[in-house]
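**Q** Sequence first, then the predicted structure:
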Amino acid sequence: MAELKCILWDVDGTLADTERDGHRVAFNMAFEEARLDRRWDVDTYGELLKVTGGKERMQFDIERGGMADMPFEKVAALHARKTIHYQTLIADGLIPLRSGVLRLLEEAYAAGITLGISTTTTPAALDALIEHSLGKEWFDRFAVLAAGDIVPNKKPAPDIYDYAMEKLSVAPENTLALEDSGNGWLSAHAAKLKTVITVNDYTANQDFEGADLVVAELGDPDREAIAVLSNKHGLDKFEYVTLSHLQSIMED
Ligand code: XBP
Ligand code: MG
């Protein structure tokens, strides 16, 4: 039995459905701008999501023959342009937050729970989402923004969660992760965190065996009841995820 003191949030797929209509589109804009033939369609991008990190994803596509070979400096330069396109898409307000995200963040913040971000995404992309989708006040409300290349190994390695917890001086037994993908779950689990998963179209069929709660959405009081896909701690029937659900998962 442990108290919930900290919640670490994944970004892409968890705060918002950024992959299909955000990152993917921005990669294609960078490819087109650089006059490359390659375009990542929705299904191809789904396959490529098994590789975390945008630069690593391009490198993987090059190695498997999907994209023309190029030196890593070119990959990095293309990725920098992709990040700029992504920032523009986010600033245009094209990607809303997922249901329940703001409600749960506000509830946890008001309750004095430490909040942090643990993501594979580039810091500039994260900043754009915080500024335009959450609101600038959240730059101060998150106690740590752990993102991108600051750790040697990206998810599914536990490094980014370990880094965030070290910065916050919180123990894994008091920390809960919110994730959306198999790689995110493996990362949080390897960091010894209890984990709640909100699946999306790209991750619905991935393996979340052992996760503490798997739901279709966090949900909101004024919406349809959410689908609960697995409920390891036997929480009583509920229509949306609340802070007390997260607290009971920690205390079980
Ligand atoms: C998801 C990722 C990222 C994004 C693209 O991160 O793997 O690589 O797809 O972002 P998470 P970058 O779910 O951990 O938030 O191009 O900035 O890497
Ligand atoms: Mg994710």
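**A** Noted; the coordinates are in hand. Numbering: from 1, shown residues only. Ligands and ions are numbered 1, 2, ... in the order given.

**Q** show me where the stretch 151-252 of the chain has strands.
**A** Using DSSP state E, counting those that start in this stretch, the strands found in the stretch 151-252 of the chain span residues 175-179, 194-198, 213-215, 228-231.

**Q** How about the residue in the chain that ligand 1 sits nearest to, nearest residue that isn't a chain neighbour?
**A** Nearest to ligand 1 in the chain, going by CB to the nearest ligand atom, is G54, at a distance of 2.2 Å. Just so you know, the C-beta spots here come from the backbone N, C-alpha and C atoms, and that holds for glycine as well. Leaving aside its chain neighbours, G54 sits nearest to H79 (5.2 Å; criterion: CB to CB, 6 or more residues apart in numbering).

**Q** what sits against the one you found?
**A** A30, G54, K55, M58, T122 (CB atoms under 8 Å, 6 or more residues apart in numbering).

**Q** cool, and L36?
**A** Listed by CB under 8 Å, 6+ apart, the contact set of L36 reads M67, A68, L78.

**Q** and the second one, how many neighbours?
**A** Other residues near A68 come to 11 when the count uses other CB atoms under 10 Å.

**Q** Let me see the confidence value for the closest residue to it other than its chain neighbours.
**A** Residue nearest to A68 in three dimensions, not counting chain neighbours: L36, with 6.7 Å by CB to CB, 6+ apart. You'll see L36 listed with a pLDDT of 97.

**Q** Which strand or helix spans L36?
**A** For L36, there is no helix or strand it lies in under DSSP states H and E.

**Q** For the remainder of this discussion, apply numbering that starts at 12.
**A** From this message on, residue numbering opens at 12, which makes the last subject L47.

**Q** May I have stretch 115-133 exported as PDB, CA atoms only?
**A** Taking Å, rounded to 0.1, in the frame of the first residue of the first chain, the C-alpha atoms of stretch 115-133 are listed here in PDB:
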ATOM      1  CA  LEU A 115      -7.600  14.900 -14.200                       C
ATOM      2  CA  LEU A 116      -4.600  17.200 -14.500                       C
ATOM      3  CA  GLU A 117      -6.500  20.000 -12.700                       C
ATOM      4  CA  GLU A 118      -7.900  17.700 -10.100                       C
ATOM      5  CA  ALA A 119      -4.400  16.200  -9.300                       C
ATOM      6  CA  TYR A 120      -2.800  19.700  -9.300                       C
ATOM      7  CA  ALA A 121      -5.400  21.000  -6.900                       C
ATOM      8  CA  ALA A 122      -4.800  18.000  -4.600                       C
ATOM      9  CA  GLY A 123      -1.100  18.800  -4.400                       C
ATOM     10  CA  ILE A 124       0.100  15.800  -6.400                       C
ATOM     11  CA  THR A 125       3.400  16.400  -8.200                       C
ATOM     12  CA  LEU A 126       2.900  16.300 -12.000                       C
ATOM     13  CA  GLY A 127       5.500  15.600 -14.600                       C
ATOM     14  CA  ILE A 128       6.000  14.700 -18.300                       C
ATOM     15  CA  SER A 129       8.000  11.700 -19.500                       C
ATOM     16  CA  THR A 130       8.100  11.600 -23.300                       C
ATOM     17  CA  THR A 131      10.200  10.600 -26.200                       C
ATOM     18  CA  THR A 132       9.100  13.700 -28.100                       C
ATOM     19  CA  THR A 133      11.500  16.600 -28.900                       C
END
